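In: This is the structure alone, sequence omitted:
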């Protein structure tokens, strides 16, 4: 009989850990390997694939999500450590009627993407960047968006989108 | 042996867990280094102990005596603390250089220190600030100067069952300030090729009365450069004092030669950054004396 078991476990087997994740306003009860990252929990277990896997080690920003309103990299957070926190993903950004979040609309208006793979992370990061008030100049936007890489090089249009949303937010307040 | 995740809610519970554990236990603060190591298979722990539920381990308290920074406090919180930024700008600018804003949402001072990378940005700034690590363990508490925690790449002086609960920073004397500079080949999101931190205290005439100098990424551990401090104490940071500081900084370097920087380059840059950081620290201390914001 051919040996089809190519993948040998490399680390000790783990006891599944029961946990509740609060994502986009809904509770999800799950039992996961304690090593499961928030990124894998979202994508593989909750089917929320809007949060992208890029480098998977904290360099590219494609997996940026909000935890209690702050931006975090889902690949560098254990799902177990994100319990009892408000987790926000790109899927939760639009209104209940499907109306785009102003940042999503600005990305569309400014064509702030090419292939689109980094876009969910860019948008989640940009929403937090505006909330943090790090939008005083293009240079400041570039510095505080530096954790989100865009291989297509859509940076000028991304900066324009963030600048516009920040200006509109300031007018309203 | 099966891998498990524990998040103790008291120091005693955490210490009992660490001392009673068999196999490899890894302490999880922000996790920005640990999760990468887990995924690459470089570390295979039996227990992951998350410290973040222990009271006091998150947050910054400003007291009459100075500051108490919880060991797992994320860099973003450190970067937003106006009191700390005024007293120890070097620590805040170092914390703001570690990774992206997202990484700073989790990355902590204790993690940056105990990961024990020679290039850890916050460590030279903490050393020059005179930061004390409060280490807890089976024998109670001990206070350890930050420069005595790292003993080599990836190695610390913490004993089995011990972890860092918080850092204490003294209230700075009048006319004191600091700075941290690092060299990287681009503007953001990189690891220090060389890092230099300087803290100074001036007298009313602007003469340096107290100084601490520390270098990162030029030796197996961050260095406290006593000769560098002595080179500028008693001066107003004139050219002769700066030249002596430069020479003292270069003299202690024992760097590696790699694709990111040659030995000669790192040694030269260590002297340059030490001079520049000292000049910024003195300017800030003078500005503070004049009541201006740096």
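Out: Received it, and whenever you're ready, just let me know what you need. Model, not experiment: these values are computed from the prediction. Numbering: from 1, shown residues only, chains lettered A, B, ... in the order given.
In: Wait, residue A:79 touches residue A:32, no?
Out: Yes. Between residue A:79 and residue A:32 there is a contact under CB atoms under 8 Å: 5.8 Å. Using the backbone N, CA and C atoms, a C-beta is placed for each residue, glycine as well.
In: Domains in the chain, by residue range?
Out: Just going to use chain A. A:17-92, A:102-172 (automatic domain parsing).
In: hmm, I had chain B in mind actually
Out: If you go by automatic domain parsing, chain B breaks into B:4-49+B:57-170, B:176-285.
In: possible to save these as a markdown table with distance to chain A and mean neighbour count?
Out: Listed next are the domains of chain B as a markdown table, based on distance: least, CB to the nearest CB, whole Å; neighbours: other CB atoms under 10 Å in any protein chain shown:
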| stretch | distance to chain A | mean neighbour count |
| --- | --- | --- |
| domain B:4-49+B:57-170 | 2 | 20 |
| domain B:176-285 | 4 | 21 |
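In: Adding mean pLDDT as columns, could you present those in TSV?
Out: Listed next are those as TSV, based on pLDDT from 0 to 100:
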stretch	mean pLDDT
domain B:4-49+B:57-170	96
domain B:176-285	97
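In: do you know which of the ones you listed lies nearest residue A:124?
Out: domain B:4-49+B:57-170 (9.1 Å; CB to CB).
In: re the thing from before, show me the common contact partners of residue A:79 and residue A:32, please.
Out: A:19, A:41 (CB atoms under 8 Å, 6 or more residues apart in numbering or on different chains).
In: Quick one: closest of the domains of chain B to residue A:146.
Out: domain B:176-285 (3.9 Å).
In: Between its first and last residues, how far does that closest one reach?
Out: 5 Å (CA to CA, to the nearest Å).
In: Next: stretch B:138-153.
Out: 25 Å.
In: For chain A, which residues score under the pLDDT cut-off?
Out: A:1-13 (pLDDT under 70).
In: Around chain B, pick out the residues from it.
Out: A:10-15, A:17, A:33-35, A:37, A:56-59, A:61, A:64, A:67, A:70-73, A:75-78, A:80-81, A:125, A:128-129, A:132, A:134, A:143-144, A:146-148 (CB under 8 Å from any CB of the partner chain).
In: go again using 7 Å as the cut-off
Out: Counting by CB under 7 Å from any CB of the partner chain, chain A comes close to chain B at A:10-15, A:17, A:34-35, A:37, A:56-58, A:61, A:64, A:70-73, A:76-78, A:80-81, A:125, A:143-144, A:146-147.
In: and those, which are buried?
Out: A:12, A:14, A:17, A:34-35, A:37, A:56-58, A:61, A:64, A:70-73, A:76-78, A:80-81, A:125, A:143-144, A:146-147 (16 or more other CB atoms under 10 Å in any protein chain shown).
In: What segments of chain B are helices?
Out: With helices called from DSSP state H, chain B shows them at B:11-20, B:34-40, B:75-79, B:82-87, B:89-95, B:101-104, B:109-114, B:122-128, B:226-232, B:239-252, B:263-289.
In: Those: which one's closest to residue B:68?
Out: helix B:82-87 (10.8 Å).
In: tell me how far the closest one is from the chain's mean position?
Out: Put simply, helix B:82-87 sits 16 Å off its chain's centre (CA atoms, centre = their mean, to the nearest Å).
In: can you list contacts of the host helix or strand of residue A:169?
Out: For residue A:169, the element it lies in under DSSP states H and E is helix A:155-172. The contact list for helix A:155-172 (CB atoms under 7 Å, 6 or more residues apart in numbering or on different chains) reads A:102-103, A:106-107, A:110-112, A:122, A:126, A:129-130, A:135, A:138, A:141-142, A:145, A:150.
In: which among those residues end up buried?
Out: A:102-103, A:106-107, A:110, A:112, A:122, A:126, A:129-130, A:135, A:141-142, A:145, A:150.
In: tell me which of those residues is nearest to chain B?
Out: Within the buried ones among the contacts of helix A:155-172, the smallest distance to chain B is 7.4 Å, found for residue A:129 (CB to the nearest CB).
In: Now do the SS call for that closest one.
Out: Classification of residue A:129 using DSSP: H, G, I helix; E, B strand; the rest coil returns helix.
In: if I read this right, it contacts residue A:146, doesn't it?
Out: No. Contact criterion CB atoms under 7 Å: residue A:129 and residue A:146 do not qualify, at 10.4 Å.
In: Common neighbours of those two, please.
Out: Shared contacts of residue A:129 and residue A:146, defined by CB under 7 Å, 6+ apart, are absent.
In: circling back to that earlier point, among the residues of chain A next to chain B, which ones are in strands?
Out: A:17, A:64, A:70, A:71, A:72, A:73 (DSSP state E).
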